[in-house]
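> sequence first, predicted coordinates after that:
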Amino acid sequence: MNREMLVTALRKDLEPWDIVVIGGGATGLGAALEAVTRGYRTLLLEQVDFAKSTSSKSTKLVHGGVRYLAQGDVSLVREASVERGLLAANAPHLVRNLAFVIPTFNFWENLKYTIGLKMYDWLAGRLSLGKSVHISRSETLKRLSTLKQDKLAGGVLYHDGQFDDSRLAINLAQTIADKGGTVLNYMRVTSLDKDSEGNISGLTVKDTLDGGDDIHINTRAVINATGVFADDILEMDNPQAPKSIAASQGVHLVLDSEFLPGHNALMIPATSDGRVLFVVPWHNKVVVGTTDTPVNHISLEPRALENEIAFILSTAGQYLSRPPQRSDVRSVWAGLRPLAAAKAEGHKTKEISRSHKIIVAKSGLITIIGGKWTTYRRMAEDVVHKLEEVLRWKETTTATPHLKIHGATDNVNWDDPWYFYGSDVLHIHQMVARQPDLQEELSRDYHIIKAQVVWAVREEMARNIEDFLARRTRLLFLDAKEALRIAPAVARIMATELHKDEHWVATQISSFEAEARGYLLAEA
């Protein structure tokens with residue numbers, strides 16, 4: 001995925017694309033992969049970096065959605081449970097089976113959660129990741145050694161999936177390229193072009209990295225898969241378009257693994273305001289979240305609110321024997337969920353369905369909103385099917401249910417800090433063998449070496465420090481201070497690869513420092 005070569009080719013390309021997908025998050029990447037594997041000439045354009053916004057800031061769970069079962073949304077849980085099983089098979093290097101424990105404090109909780117989770121298993125059918133069972137008090141404490149013991153009666157054990165969201169996004173982009181599609185980050189769509197009958201016939205795009213003249217692209221169809229920014233494209237198409245998105249903010253805190261050692265996750269099913277809270281082991285840290293706060297302002301880099309931080313720390317402290325303090329937080333991040341707006345006023349965001357919704361404009365613009373990472377493939381299948389139906393194209397068949405994602409390998413060593421590269425890890429080792437100086441460590445604690453930066457630039461379209469430290473590796477999300485420490489070294493390696501000067505290095509470091517401060521939790 002050589003970005004510069006692809007941009008040069010795009011500037012010269014006058015041939016109409018069959019489908020242009022706007023948006024490089026879960027939904028857009030899924031739609032582009034669905035399109036290219038059905039035989040369509042496909043281009044994906046992302047205004048910043050792949051998974052920069054919502055799709056890198058999830059709770060890292062591939063799940064059926066236990067809380068949607070409690071809301072009675074059985075069809076969504078069934079769909080998500082099936083997709084969870086397919087994703088575990090298609091990206092085995094990124095998705096793992098994770099045991100969750102719900103602590104119980106009386107007989108009725110034991111009964112309620114055991115019955116509910118047995119139904120959860122049943123909905124997943126043969127794609128279930130494991131049976132739910134009631135476990136004793138001693139077994140609960142064995143699995144969750146740092147759980148408060150006061151009044152604990154036992155627990156209910158169930159299974160769900162865990163993954164690395166932005167790594168899946170990068171592998172999906174690579175899969176699209178492997179299949180003959182074109183993906184480009186840092187390409188902002190500035191206008192939609194229409195023919196004499198008002199139908200979309202092309203787009204105008206700005207390369208935000210290298211500037212230059214606007215790029216005009218001809219296309220037969222456009223899919224708007226821009227998540228929380230979907231209304232921007234809808235208004236570009238029609239200034240009178242009604243709002244489609246009800247954004248909700250989810251915040252996560254990252255703690256050291258000593259707060260929940262081992263490989264079991266804690267699920268808190270009923271918090272003080274009715275939300276579900278997870279305490280999940282991830283990359284040798286512990287992720288605690290999430291919140292569900294309605295927001296009116298949509299931005300690429302939302303910030304955690306003080307009341308959200310206090311809620312997470314307080315709730316975790318009610319269950320953990322050592323209540324976490326602000327000083328224990330290694331990183332904090334906030335992401336926006338692109339929920340489909342409810343027609344009735346007054347809905348809380350946690351009650352708005354995560355089901356996806358497809359909007360068809362008079363111009364032929366196809367917009368998909370809502371959904372979640374777990375169901376990205378099904379969303380893609382549905383949106384391409386709808387596109388064919390609306391534009392009266394010949395119906396094609398999906399090829400993605402059993403399509404292996406780039407990097408897929410069944411020989412995964414989860415104790416290897418580089419496990420998330422999958423089959424690509426061999427190529428990185430070969431690079432180091434050819435250039436031993438690339439073995440030099442940048443971060444000993446997080447097993448980051450120079451070769452990973454070079455690989456990210458050459459093969460994963462990383463174009464700045466943040467791309468590498470936030471999404472090609474997850475250091476910014478795991479330990480913001482350590483990310484700040486190694487940022488200058490990362491910038492200089494990238495500058496060599498990208499033929500940039502010292503001014504670029506200085507600008508990069510300054511820009512990253514400003515952004516990374518938002519991931520640090522200041523003392524109250």
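It's in.
> OK, contacts around residue 449?
Residue 449 makes contact with 432, 438-442, according to CB atoms under 8 Å, 6 or more residues apart in numbering. For every residue, glycine as well, the C-beta is placed using N, CA and C.
> select from those the one having the most neighbours.
Greatest neighbour count in these, by other CB atoms under 10 Å, goes to residue 442: 22 neighbours.
> ok so it is a strand residue?
Yes. Residue 442 sits within a strand when classified using DSSP: H, G, I helix; E, B strand; the rest coil.
> isn't it up against residue 450?
Yes. Assessed by CB atoms under 8 Å, residue 442 is found in contact with residue 450 at 6.5 Å.
> wait, residue 518 touches residue 303, no?
Yes. Contact criterion CB under 8 Å: residue 518 and residue 303 qualify, at 5.4 Å.
> any low-confidence regions in this structure?
66-73, 342-354, 523-524 (pLDDT under 70).
> let's see that with 50 instead.
The model of the chain has pLDDT under 50 over residues 344-347, 349-353.
> tell me the centre residue of it?
residue 55 (2.8 Å; CA atoms, centre = their mean).
> now that one, nearest residue through space, not along the chain?
Spatial nearest neighbour of residue 55, chain neighbours left out: residue 25 (3.7 Å); criterion: CB to CB, 6 or more residues apart in numbering.
> distance from stretch 383-393 to the middle of the chain?
26 Å (CA atoms, centre = their mean, to the nearest Å).
> residues touching it, excluding its own?
Stretch 383-393 has contacts (CB under 8 Å, 6+ apart) with 19, 31, 34-35, 38, 220-221, 223, 225, 358, 360, 364, 366, 368, 394-396, 398.
> now for the top strand by length along the chain, which elements pack on it?
In the chain, with assignment by DSSP state E, the single longest strand is strand 245-256. In this structure, strand 245-256 makes packing contacts with strand 285-289, strand 293-294, helix 306-319, strand 331-340, judged by 3 or more CB pairs under 8 Å, 6 or more residues apart in numbering; DSSP states H and E.
> and the closest residue to residue 250 other than its chain neighbours, how far is that from residue 329?
Closest residue to residue 250 apart from its sequence neighbours, by CB to CB, 6+ apart: residue 290 at 3.9 Å. The spacing between residue 290 and residue 329, counted by CB to CB, to the nearest Å, is 15 Å.
> ok, now how distant is the residue nearest to the centre of the chain from residue 373?
Distance of residue 55 to residue 373, computed by CB to CB: 7 Å.
> likewise for residue 403?
Plainly put, residue 403 is 17 Å away from residue 373 if you go by CB to CB.
> same check on residue 289?
14 Å.
> again, but for residue 517
27 Å.
> intersection of neighbour lists for residue 55 and residue 373?
Common contact partners of residue 55 and residue 373 (CB under 8 Å, 6+ apart): 26, 165.
> so which of the contacts of stretch 383-393 are in helices?
Under the assignment DSSP state H, the contacts of stretch 383-393 contribute 31, 34-35 to helices.
> ok, these vs residue 413, which is closest?
Of all the ones in helices among the contacts of stretch 383-393, residue 413 sits closest to residue 34, with 31.1 Å by CB to CB.
> what about that closest one, how many residues close to it?
31.
> measure it to residue 94 for me?
Using CB to CB, we find residue 34 at a distance of 19 Å from residue 94.
> residue 368 and residue 224 touch, don't they?
Yes. Assessed by CB under 8 Å, residue 368 is found in contact with residue 224 at 7.3 Å.
> following the host helix or strand of residue 84, which helix or strand comes up?
Assigned by DSSP states H and E, residue 84 falls within helix 74-90. Next along the chain after helix 74-90, taking DSSP H and E as the criterion, comes strand 96-104.
> counting neighbours, which bits of the next helix or strand after that next one end up buried?
Of the helices and strands lying after strand 96-104 in sequence (DSSP H and E), the nearest is helix 107-124. By 16 or more other CB atoms under 10 Å, the buried positions in helix 107-124 come out as 109-110, 112-114, 116-117, 120-121, 123-124.
> need the contact partners of helix 107-124.
With contacts defined as CB under 8 Å, 6+ apart, helix 107-124 is touched by 64, 66, 69-70, 74, 77-78, 81-82, 84-85, 102, 104, 128, 131-134, 153-154, 156, 158, 269.
> export the ones in helices among the contacts of stretch 383-393 to JSON lines and tack on distance to residue 425?
Shown next, in JSON lines, are the ones in helices among the contacts of stretch 383-393 (distance: CB to CB, whole Å):
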{"residue": "31", "distance to residue 425": "28"}
{"residue": "34", "distance to residue 425": "27"}
{"residue": "35", "distance to residue 425": "29"}
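> out of those, which comes closest to residue 246?
Checking these against residue 246 by CB to CB gives residue 31 as the nearest, at 21.4 Å.
> tell me, how many residues neighbour that closest one?
Residue 31, neighbours per other CB under 10 Å, totals 31.
> then the one 4 residues further on?
The tally of other residues near residue 35 (other CB under 10 Å) stands at 29.
> equivalent analysis for residue 292, please.
Residues lying near residue 292 (other CB under 10 Å) number 22.
> next one: it from residue 242, what distance?
From residue 292 across to residue 242, the span is 23 Å (CB to CB).
> need the contact list for residue 190.
Contact analysis of residue 190 by CB under 8 Å, 6+ apart lists 204-206, 214.
> tell me if it really is in a strand.
Yes. Judged by three-state DSSP, residue 190 forms part of a strand.
> tell me how far it lies from residue 286.
Distance, residue 190 to residue 286, by CB to CB: 42 Å.
> next: residue 193.
Using CB to CB, we find residue 193 at a distance of 49 Å from residue 286.
> I'm done for today, thanks for sticking with me.
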